[in-house]
Structure formats: C-alpha cells, structure tokens
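[1] using only what follows, build the 3D model:
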Amino acid sequence: MKYTVIAIMLVTFFSGYSPAKADVLDYIVDLVSSDNQSGVWQCRKPPVISIKTPILDPVFTHQRPANIRGFSQTNGVLQGSASMPYGYNILYTFERIQSGNSNCVRIKELVLRSSFENPSIWLRPGLDRSSCAYRVTVEHEMDHIENFHDHIERFGNRMRKDLPDFMQAENFRAVSSARNFPAAERYLEQRIKAYIEQQHTASYQISRTIDRSMDTPEEYRRLSRMCP
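    Numbers count the residues shown, from 1 in each chain. Okay, here's the model as predicted:
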C-alpha cells in the first residue's frame, strides 16, 4: 500500500544579506508493509542523495533593486548593483515502514539544489555602453557574481563530501506506532535541514565578507579614479 504527496523545503538568501527563511510546503511519502526482519533492513538502507549546484550566468535587468545598499561610486550616483540569490531547496522522499512492532520512518531520497534563479545585474539607465564607467561598473558587478559562483561550488563540494556521512546516522527514526510517523518525519527534516543550513551559512559568510570588501568607500573611490 502506497500513497504519495509532493512538496519542497525552500530556503533562500537574497542580496542585502537578509536572513534565511524556510517554508515546508509538503513532502513525498511512501508507505511500506513488511515482516520484522526485512523491515529492520529497510529502515537502515542508505538514502539516494542528489546534489545539484548549477552555475547560472547572470542576466541584465531593468528593474532597480529595492534593497540597494552601499556607497555611490561617482558623483553621488549609483551606477549598478548585482543581486545574488544565495539559497537552496530540499526535496525529501520519506518511507514509512510498518514491520510488526518495529515501525520506522526513513528518508528514501533527498535532492538538494542551490537556487534556481540566475543572478542579475542592474545598471543605471542612460549609462553609455561605450563609456569607461560602463566597463568598470560591469567588471565590478561581475566580481560579485564570481564570488557568488565560488560559494555555489564551495557549498556543493562540501555537501557531496559530508552530507552522506551525516545522513548515515540521521536517516531513519523508529516509532512506536503509525500515529507517530508525521512527528518522526518532522524530526528528520529538522535535523537534516539544520545541518545543511549550518554548512550553507558558513560558506555564505565567506562570500559575504568578500562582498563587503568590494563595497567600501575606498574601493569605490579607486573605481572612480579609473574613469577620468
């Protein structure tokens, strides 16, 4: 007997260093009946883990970001801004195993993916594409984008290396009866999400520090001097 429900856990960071927010929309559940011996074996089966961290090229946008922060680069006018969608989402497939008096929930599959959104670059309307200011501004914003791409690679590599080992000990939870299945699933979600969040935040903080070093008054003055 099986039934299926689909959903995603979504956590997203945007530029401006806003805190992460998580929304659990739902998840996939399989219900499996088996004897005691095969049930214990099924509970301890390792999950299938997929880590997807595509490097998405930036897109240019005419929509001025609402949360622009920083210092004016030249003549008190902000020339451009980069927006990086720091974040990830998690899709869980749970398996509820009923095996006599030994019931458990395990994570059958986990898919972790970095943000689906492309980073974007906004440039001040009227900025002459042939001008020095245009070239310097685009190069500066691309440095932010490359820093974001470094985070994606760093976070993905860490998850591919460490997440399987972490989940080996956190992949299933025994329950006394079927009515405890939902609570066990929430427990596993929270444990794994907290671990992934910790690793993501550590990588994000590295990139945040680098971003801030690019957006100091001294750096903007240096950029301004590049265009007479």
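
[2] what mean pLDDT does the host helix or strand of S213 have?
    Assigned by DSSP states H and E, S213 falls within helix 181-214. Helix 181-214 carries an average pLDDT of 96.

[3] again with stretch 89-100
    Regarding stretch 89-100, the rounded mean pLDDT is 90.

[4] for that stretch, buried residues please.
    Within stretch 89-100, the residues scored as buried using 16 or more other C-beta atoms under 10 Å are N89, I90, L91, Y92, T93, F94, E95, R96, I97, Q98, S99. Bear in mind the C-beta positions are built from the backbone N, C-alpha and C, glycine included.

[5] residue boundaries of the helices in this structure?
    If DSSP state H is used as the criterion, the helices of the chain fall at 36-43, 132-170, 181-214, 217-225.

[6] returning to that earlier point: which members of the buried residues of stretch 89-100 occur in strands, if any?
    Among the buried residues of stretch 89-100, the members found in strands (DSSP state E) are N89, I90, L91, Y92, T93, F94, E95, R96, I97, Q98.

[7] lowest-pLDDT helix or strand in this structure?
    Here the helix or strand of the chain ranked lowest by mean pLDDT, DSSP states H and E is strand 9-12, holding a mean of 30.

[8] low-confidence bits of this structure, can you list those?
    Along the chain, segments meeting pLDDT under 70 span 1-40, 67-78, 101.

[9] the nearest residue to H149 once chain neighbours are set aside: neighbour count?
    Of all residues not flanking H149 in the chain, I55 sits nearest, at 5.3 Å (C-beta to C-beta, 6 or more residues apart in numbering). I55: 14 surrounding residues under other C-beta atoms under 10 Å.

[10] want to throw the buried residues of stretch 89-100 into a markdown table with distance to S176?
    Shown next, in a markdown table, are the buried residues of stretch 89-100 (distance: C-beta to C-beta, whole Å):
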| residue | distance to S176 |
| --- | --- |
| N89 | 32 |
| I90 | 27 |
| L91 | 28 |
| Y92 | 22 |
| T93 | 23 |
| F94 | 17 |
| E95 | 18 |
| R96 | 13 |
| I97 | 14 |
| Q98 | 12 |
| S99 | 13 |
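
[11] out of the residues you listed, which comes closest to D150?
    N89 (20.4 Å; C-beta to C-beta).

[12] and the gap between F166 and H151?
    The gap separating F166 from H151 is 20 Å, by C-beta to C-beta, to the nearest Å.

[13] how close does K108 sit to N180?
    K108 sits 18 Å away from N180, going by C-beta to C-beta.

[14] brain fart, R225
    To N180, R225 is 66 Å away according to C-beta to C-beta.

[15] out of these two, which sits in the busier spot?
    Neighbours per residue, other C-beta under 10 Å: of R225 and N180, the larger number sits with N180, 15 against 9.

[16] list the contacts of the more buried one.
    Taking C-beta atoms under 8 Å, 6 or more residues apart in numbering as the criterion, N180 is in contact with N103.

[17] what about Q190, neighbour count?
    Residues lying near Q190 (other C-beta under 10 Å) number 12.
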